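A.B. asks: got a predicted model here, sequence first, then my questions.
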Number of protein chains: 2
Amino acid sequence: MEKIVTIHLDRGLDTPLYTQLFWQLRSLIKEGVFQPDEKLPPIRMLASELGVNSITVVNAYKQLEKEGLAYSKVGSGTYISPVNRDERSTFAYEEADDLRMMERGQISVKGDTINFASATPTPDLFPVENFKTLVNRVLDRDKGDVFGYQQIQGFQPLRQSICMYLEKYSITSSVDSIQVISGAQQGIDIVSKALIEFGDCIFIESPTYRGAIEAFKSRGARIVEIPIEEDGINLGELEQKISLYNPKLVYVMPNFQNPTGYSYSDEKKQRILQIARAHNTYIVEDDFLSELSYTGSTSLPLKALDHSENVIYIKSFSKIFMPGLRLGFMVVPGRLWNRVLSAKHTSDISTSGLIQRTFDLYLREDVWVEHIEYMKEKYRKRYELFMGALRDSFPGEVNYKDPGGGLHVWFQLPQGYSDEEVYARCLKKGVLITPGSLFYSGSSGRSHFRMSFASVHSDRIVKGVKMVGSVLEEYLKEGAAAGSQTEGYSPFM
Amino acid sequence: MEKIVTIHLDRGLDTPLYTQLFWQLRSLIKEGVFQPDEKLPPIRMLASELGVNSITVVNAYKQLEKEGLAYSKVGSGTYISPVNRDERSTFAYEEADDLRMMERGQISVKGDTINFASATPTPDLFPVENFKTLVNRVLDRDKGDVFGYQQIQGFQPLRQSICMYLEKYSITSSVDSIQVISGAQQGIDIVSKALIEFGDCIFIESPTYRGAIEAFKSRGARIVEIPIEEDGINLGELEQKISLYNPKLVYVMPNFQNPTGYSYSDEKKQRILQIARAHNTYIVEDDFLSELSYTGSTSLPLKALDHSENVIYIKSFSKIFMPGLRLGFMVVPGRLWNRVLSAKHTSDISTSGLIQRTFDLYLREDVWVEHIEYMKEKYRKRYELFMGALRDSFPGEVNYKDPGGGLHVWFQLPQGYSDEEVYARCLKKGVLITPGSLFYSGSSGRSHFRMSFASVHSDRIVKGVKMVGSVLEEYLKEGAAAGSQTEGYSPFM
């Protein structure tokens, strides 16, 4: 090999060696260590250097090809794909981190693909005419003030509307405690800036939203994963580790969590608040979509129960309903106001005045509540179709919990089966799902996957679920056959 | 004293002891170490603990009072000011960092104050009707697509328009190299995320824009200040230190720098590029306002001369012309595309689709160029009035350079005179200027101040400059009198 690259394969891990090799090569390609059209090391040479079987390298190279990162020339070897200029913006996502794109359903899909990876509604559901009316009213009313510098903390009337809106969810707040943000991701970034110093420890649910993991890592945080269970975070483990690590914050999604769809029981909600209070740590509540309960029961945010100002509440207005809007807010405990304001200023000074002022009217005149009800009805129908199709066509060995709300269902494969394999096989059939490993900070969790029903039109949901069901059937059958020969071993490595 | 607070006064510094004490107390108040209405330590007690004269403490407390951070009760002592609820949003700025607010001219001013601190134009100058027409066209044309997730890198047609726009400034770019951002501050934040690891060294011009210093510090960077001279950064010092410190980046504003208004000579522009190339370091060019030349000569951005992809170019569309818009872009060297894209994603996913699409039409149909020409004409008139008034009414001992463009003039007081004193005296007369110490990372530079002519209407410019002139006359006279008794010593300590 001409260049010195460092690859570590660890036989102690659950992850197959070929997958480990694939991910590391993928990183090296993304970091630009390999150039377009550069030849990858010959298979036997690399295998011998790494002390692995040639088939391991073959499989890793194949995976690179499958992802479009490499191509092979017969009789010559495997080469790094050139950047196709016409597809640059798509490719850029791949390069930057297609994992995060996929998690958000931003990965580009070919025309006919049934997209269970995306959690974004189709554009026909957005309330364009409403919005237009309100934008024009704002411009006529406020004129040039729309374009001057805005208050860092946010447009004051919008903060008032937010306080009123929060009362619906039993959250008591004041205009002083609201910080307007350009979407939930910025909220996470700002909390990170305000609280995390290099080397600090923070806790996350495992699995969780990858955009949060990235933001915490970007601040140099050490990340401790606490498993989430069907009724919420594992409190035993949380309590045990919280004294040990003294985390700056615990990042949670208590209702319809992403990716699992799990919700905290009322008891766990109370207990985690007690723990935070006792240990004087912050809970960052990313209220992903408490509103989207389909069972009629209401799911209170943690913030509604927080009487000791331990919860930093982050809410996006845009995430599911109008993602391109880039607007959200935080409810900030008093002792953090200054730090949060300062972090917002360092991030982008303030959020667009036009968007803030328009959205203020949305909230103030209850157009927003109507819109949520409308979307909820759409989603509920898709949810019911989806759950019905699951019951009809998924093999019994694949476990999942009915979330009762939200947008996602989380599936567990039997021991030894790989999410990436399911992902690849589904993609071949024209169905996109999200491999579960994307939602872990470490390398665990390869036996889960996530499906979202938000952006698939009703008439294709049953078809799509059936296709995934048959992929699973087939995969499990092969595995069983292989398993009968090689006990406890992954059937594809 | 009931609480343990740490105060270090250093007699080796140029800064008077009372000023050092003032700033440290101010920080402690801002950090919440002292509570509203809490009594400050008695003067003699604190003086004796610190080993200083009582008058030092008296002066520091007076300064706190002057800033509204403390109040005194006759015969009782000095107390921390309560937070006035009605003024919270203003006070929050104070708490967070009124320095940065002031630098942007975001500090709140009473009705009649003549504001030479702000660089923001008055709202009547914003092109509201144009904007409204274009927003409506976008909503009619793109409908729901406006509200779906946008490309992280930015709306592709906008990136095309930006490339065409950049040709006017001799910058060659491609849609691939453009990253859309929510204003220049976000650009600086994203570059920091993409390039700076904890402990890295970065270089800045000294003095410079404080929002950049904060962003770099927030990443744990060590900051090295390189003095800026009337024809650009001190290249000798840059070259000498660059090998020593191996900085990740050098942050510069080559045309009409903030706060000095200085511009790099053509030779210095070429030389700094050579140095960056030779040392393989990045230059982050914050193109504050190259467009605003009033002398007819054009000021090329550094990026126009960068043939080796060492320059990361940051440009705000909003900074001066429509600050509330929150829109800008970067031109990114190819090897940083992925890192920048990833940092943008971690920051706020993408910039508002509505703003991007509307601004695309602005650029595409040359409405933007017209708007700039219009604003430039307005600013040029204010500039000429301002420079004329300076010549008429400023004492000769106060030095400044005619910037020939931009929005700021930078003044140097004679040795021993303090910017904070000038600031306080001007404020008493109802004129706001910006103390120069705000623009330094360390504690140097207390003998400069900045004045901006952007947001003062023409009819008040001469009056305001005259008032500052007479404040300076008086201050210098007192200083001369004091100086005749205590040689080389600051007249007010």
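C.D. replies: Everything's here; your move.

A.B. asks: the residue nearest to A:Lys429 when sequence neighbours are not counted: which element?
C.D. replies: Counting by CB to CB, 6 or more residues apart in numbering or on different chains, A:Lys429 lies nearest to A:Met467, which is 5.2 Å off, once chain neighbours are set aside. Glycine gets a C-beta too; all of them are placed from N, C-alpha and C. Element membership for A:Met467 (DSSP states H and E) is helix A:458-485.

A.B. asks: could you say what helices and strands that helix packs with?
C.D. replies: Applying 3 or more CB pairs under 8 Å, 6 or more residues apart in numbering or on different chains; DSSP states H and E, one finds that helix A:458-485 makes contact with strand A:114-115, helix A:367-393, helix A:419-428, strand A:431-432.

A.B. asks: can you tell me how far the residue nearest to A:Lys376 when sequence neighbours are not counted is from chain B?
C.D. replies: The shortest distance from A:Lys376 to any non-neighbouring residue, by CB to CB, 6+ apart, is to A:Leu292 (6.0 Å). According to CB to the nearest CB, to the nearest Å, A:Leu292 and chain B sit 18 Å apart.

A.B. asks: now A:Leu292: how far from B:Pro121?
C.D. replies: 44 Å (CB to CB, to the nearest Å).

A.B. asks: wait, what's in contact with A:Pro395?
C.D. replies: For A:Pro395, the contact set (CB atoms under 8 Å, 6 or more residues apart in numbering or on different chains) comprises A:Gly469, A:Leu472, A:Glu473, A:Leu476.

A.B. asks: give the contact list for the third one.
C.D. replies: With CB under 8 Å, 6+ apart as the criterion, the residues that contact A:Glu473 are A:Pro395.

A.B. asks: check the offset of stretch A:415-435 from the chain's centre.
C.D. replies: 18 Å (CA atoms, centre = their mean, to the nearest Å).

A.B. asks: please apply the same query to stretch A:179-193.
C.D. replies: That offset, for stretch A:179-193, works out to 15 Å (CA atoms, centre = their mean).

A.B. asks: is that stretch positioned near chain B?
C.D. replies: Yes - Stretch A:179-193 comes into contact with chain B (CB under 8 Å from any CB of the partner chain), by way of A:Ser182, A:Gly183, A:Gln185, A:Gln186, A:Asp189, A:Lys193.

A.B. asks: which of the three states applies to the last one?
C.D. replies: Meaning A:Lys193. helix (DSSP: H, G, I helix; E, B strand; the rest coil).

A.B. asks: now stretch A:404-420: buried residues?
C.D. replies: Under the neighbour-count criterion of 16 or more other CB atoms under 10 Å in any protein chain shown, stretch A:404-420 has A:404-413, A:416-420 buried.

A.B. asks: got a list of what A:Ser393 touches?
C.D. replies: A:Ser393 neighbours (CB under 8 Å, 6+ apart): A:Val465, A:Lys466, A:Gly469, A:Ser470.

A.B. asks: right, and out of those residues, which lies closest to B:Ile314?
C.D. replies: Of all these, B:Ile314 sits closest to A:Val465, with 47.0 Å by CB to CB.

A.B. asks: got the contact list for the nearest residue to the closest one once chain neighbours are set aside?
C.D. replies: By the measure of CB to CB, 6+ apart, the closest residue to A:Val465 outside its immediate chain neighbours is A:Ala389, 3.7 Å from it. Counting by CB under 8 Å, 6+ apart, A:Ala389 makes contact with A:Ile461, A:Val462, A:Val465, A:Lys466.

A.B. asks: just the buried ones from the residues you listed?
C.D. replies: Buried among the contacts of A:Ala389 (16+ other CB under 10 Å): A:Ile461, A:Val462, A:Val465.

A.B. asks: excluding chain neighbours, what is closest to the second one?
C.D. replies: Going back to what we said before, that points to A:Val462. A:Val462 sits nearest to A:Ala389 (CB to CB, 6+ apart), 4.6 Å away.
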